[in-house]
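In: Following is a predicted model, sequence given first.
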Amino acid sequence: MSSCSTKCGKKAVLKRPKTGDVLCKECFFEAFETEIHFTITRAKLFKAGMTVAVAASGGKDSTVLAYILKILNERFNYDLRLVLLSIDEGITGYRDDSLDTVKRNRDDYDMPLTILSYKDLYGWTMDEIVAEIGRKNNCTFCGVFRRQALDRGAALLKVDCIATGHNADDIAETVLMNILRGDLARLNRCTSIITGHGDGIARVKPLKYTYEKEIVMYAYFKQLVYFSTECIFAPNAYRGHARVLLKDMEKIDPAVIMNIIHSGESLTVNEEVNMPTLTKCSRCNHVSSQTVCKACVLLEGLNRGLPKLGIGKSSKAKKMIAEHDKKKYECSSSAENKQCICKNDPVGNSIDRKNDVTW
Ligand SMILES: Nc1ncnc2c1ncn2[C@@H]1O[C@H](COP(=O)(O)OP(=O)(O)OP(=O)(O)O)[C@@H](O)[C@H]1O
């Protein structure tokens, strides 16, 4: 390879996927770190004195995020207290191994680590949920529960905000996915670098403009320890299509990633479009756009032996509950009923009616 395009005199070792510049290792580090610092300061992600929970999965993105926040915090005196927050979804052979990596990061980066598990928070591991629901819709449970679990962890730790490792590719993919689905409410908010502000604990995405390929390169040249195995359960199929589309387009022109993000940022949703208003879940008191949040509906479904409850539209869930209740009524009025649905109901007739979901 030729010499570094910054004219530092060193030999280039890589070509930056984002800009096409050929750079030596040191100049790449400098460019990569400075861009993230610029993103953080321009969007005013942090204030001095804040405690920030880095949502750490052990994967490349959150590992690079934890590392980079540590060095930028020291270099530019952000005056942040950084802690690691991990969620153990209970996926044997996947999350248990990646959490070992997070524990190593905890020691290497000298940051306290808190791990919360789905089992403790919800009474179910993902292994158990998949045994109930199968591999098709399990990502819905995992995503909804993780989102809330991070909020609960952040509240427990009394942190000021949560930083996640979402990168530019993730954001561009999400924009595409929301366009393909016609989900205008999500399209409207998916490019925000700060979310949840005012409704709970803020979430920030310092790697919003950082290309995935560069994150991998940075981790490689810095020899960071991260866990690179994909989740053993079926990936989110729809996101997979958006990902393939994005990767194909990136081969033609790497600028498409930034172009899609900028397009998403510039979109204004027509005023006539109904936007959800955020409120608090009547059951768990966490942020929700419905009277009862998605996590509570999904959990209710699991506990009632109706795991598909909460998958799809809320009207479908209402119908399922009504049918379920009707069958239970029929069952209790006929002791001989051999088809009784209660046999499959882990809580049986002991369901406390006061705690039933109301919409
Ligand atoms: N189990 C978890 N515990 C804590 N944070 C998580 C967990 N899973 C995901 N996150 C956070 O959400 C971000 C996006 O998650 P996603 O599942 O898209 O992973 P990813 O793109 O593979 O990122 P990573 O490389 O960090 O695993 C992660 O970067 C991390 O900050």
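Out: Great, that's in hand.
In: Not counting its neighbours along the chain, what's nearest the closest residue to the ligand within the stretch 151-300 of the chain?
Out: For the stretch 151-300 of the chain and the ligand, the shortest gap (C-beta to the nearest ligand atom) falls at Gly165, measuring 2.5 Å. (Each C-beta comes from the backbone N, C-alpha and C, glycine too.) Spatial nearest neighbour of Gly165, chain neighbours left out: Asp61 (3.1 Å); criterion: C-beta to C-beta, 6 or more residues apart in numbering.
In: so who does the one you found touch?
Out: Residues near Asp61 by C-beta atoms under 8 Å, 6 or more residues apart in numbering: Gly165, His166, Asn167, Asp170, Leu207, Glu212, Ile215.
In: and what of Leu245?
Out: So Leu245 contacts Leu176 (C-beta under 8 Å, 6+ apart).
In: at 10 Å what do you get?
Out: Ala172, Glu173, Leu176, Met177, Leu180, Val256 (C-beta atoms under 10 Å, 6 or more residues apart in numbering).
In: State the number of residues packed around the residue of the stretch 151-300 of the chain closest to the ligand.
Out: Applying other C-beta atoms under 10 Å, we find 23 residues neighbouring Gly165.
In: Next, give phi and psi for the residue nearest to Gly165.
Out: Dihedral angles of Asp61 (phi, psi; degrees, to the nearest 10) stand at phi -70, psi -50.
In: Quickly note the distance from it to Cys139.
Out: Per C-beta to C-beta, to the nearest Å, Asp61 is found 18 Å from Cys139.
In: all helices for the chain, in order.
Out: 25-42, 60-75, 95-109, 118-122, 126-133, 138-157, 168-181, 184-189, 212-222, 237-252, 256-266, 294-304, 314-333 (DSSP state H).
In: winner for burial among these?
Out: Mean neighbour count, computed with mean count of other C-beta atoms under 10 Å, is highest for helix 294-304 among the helices of the chain, reaching a mean of 23.
In: for it, packing partners?
Out: Other elements packing on helix 294-304 under the criterion 3 or more C-beta pairs under 10 Å, 6 or more residues apart in numbering; DSSP states H and E are helix 118-122, helix 126-133, helix 138-157, strand 287-288, helix 314-333.
In: Pull up the pairing partners for the shortest one, direction included.
Out: Just to be clear, that refers to strand 287-288. If you go by DSSP bridges, strand 287-288 pairs up with strand 279-280 (antiparallel).
In: mind checking how far the strand it pairs with is from the chain centre?
Out: Strand 279-280 has its C-alpha centroid displaced from the chain centroid by 20 Å (C-alpha atoms, centre = their mean, to the nearest Å).
In: Just to check, Cys139 is in contact with Leu298?
Out: No: contact criterion C-beta atoms under 10 Å: Cys139 and Leu298 do not qualify, at 11.8 Å.
In: what sits in contact with each of the two?
Out: With C-beta under 10 Å, 6+ apart, Cys139 and Leu298 have no common neighbours.
In: Could you take the contacts of Asp61 and lay them out as JSON lines, with extra columns for pLDDT?
Out: Formatted as JSON lines, those follow (pLDDT from 0 to 100):
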{"residue": "Gly165", "pLDDT": "98"}
{"residue": "His166", "pLDDT": "98"}
{"residue": "Asn167", "pLDDT": "98"}
{"residue": "Asp170", "pLDDT": "97"}
{"residue": "Leu207", "pLDDT": "98"}
{"residue": "Glu212", "pLDDT": "97"}
{"residue": "Ile215", "pLDDT": "98"}
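In: Relative to Gly134, which of these is nearest.
Out: Nearest to Gly134 among those is Asp170, at 25.9 Å by C-beta to C-beta.
In: which other residues reach stretch 26-33?
Out: Residues outside stretch 26-33 that contact it (C-beta under 10 Å, 6+ apart): 4-8, 10, 12-16, 18-19, 21-24, 64, 67-68, 71-72, 75-76, 210-211, 214-215, 217-218, 221-222.
In: need the helices of the chain in a markdown table with distance to Ala202, can you?
Out: Converted to a markdown table, the helices of the chain look like this (distance: least, C-beta to C-beta, whole Å):
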| stretch | distance to Ala202 |
| --- | --- |
| helix 25-42 | 13 |
| helix 60-75 | 15 |
| helix 95-109 | 22 |
| helix 118-122 | 21 |
| helix 126-133 | 27 |
| helix 138-157 | 9 |
| helix 168-181 | 17 |
| helix 184-189 | 13 |
| helix 212-222 | 23 |
| helix 237-252 | 24 |
| helix 256-266 | 18 |
| helix 294-304 | 19 |
| helix 314-333 | 27 |
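In: got the residues of the chain near the ligand?
Out: 55-57, 59-62, 86-87, 89, 146, 164-166, 170 (C-beta under 6 Å from any ligand atom).
In: The same query, at a cut-off of 8 Å, please.
Out: Contacts of the chain with the ligand, taken as C-beta under 8 Å from any ligand atom, map to 54-63, 65, 85-89, 95, 98, 102, 146, 149-150, 163-167, 170, 207, 212, 215, 226-227, 231.
In: just for the stretch 101-250 of the chain, where's the confidence low?
Out: Residue ranges of the stretch 101-250 of the chain with pLDDT under 70: 197-199, 234-235.
In: got a list of what the residue nearest to Arg16 when sequence neighbours are not counted touches?
Out: Using C-beta to C-beta, 6+ apart and skipping the chain neighbours, the partner closest in space to Arg16 is Leu23 (6.1 Å). Contacts for Leu23 (C-beta under 10 Å, 6+ apart) come out as 1, 3-6, 8, 10, 12-16, 29-32.
In: Among these, which are located in strands?
Out: Applying DSSP state E to the contacts of Leu23, the entries found in strands are Leu14, Lys15.
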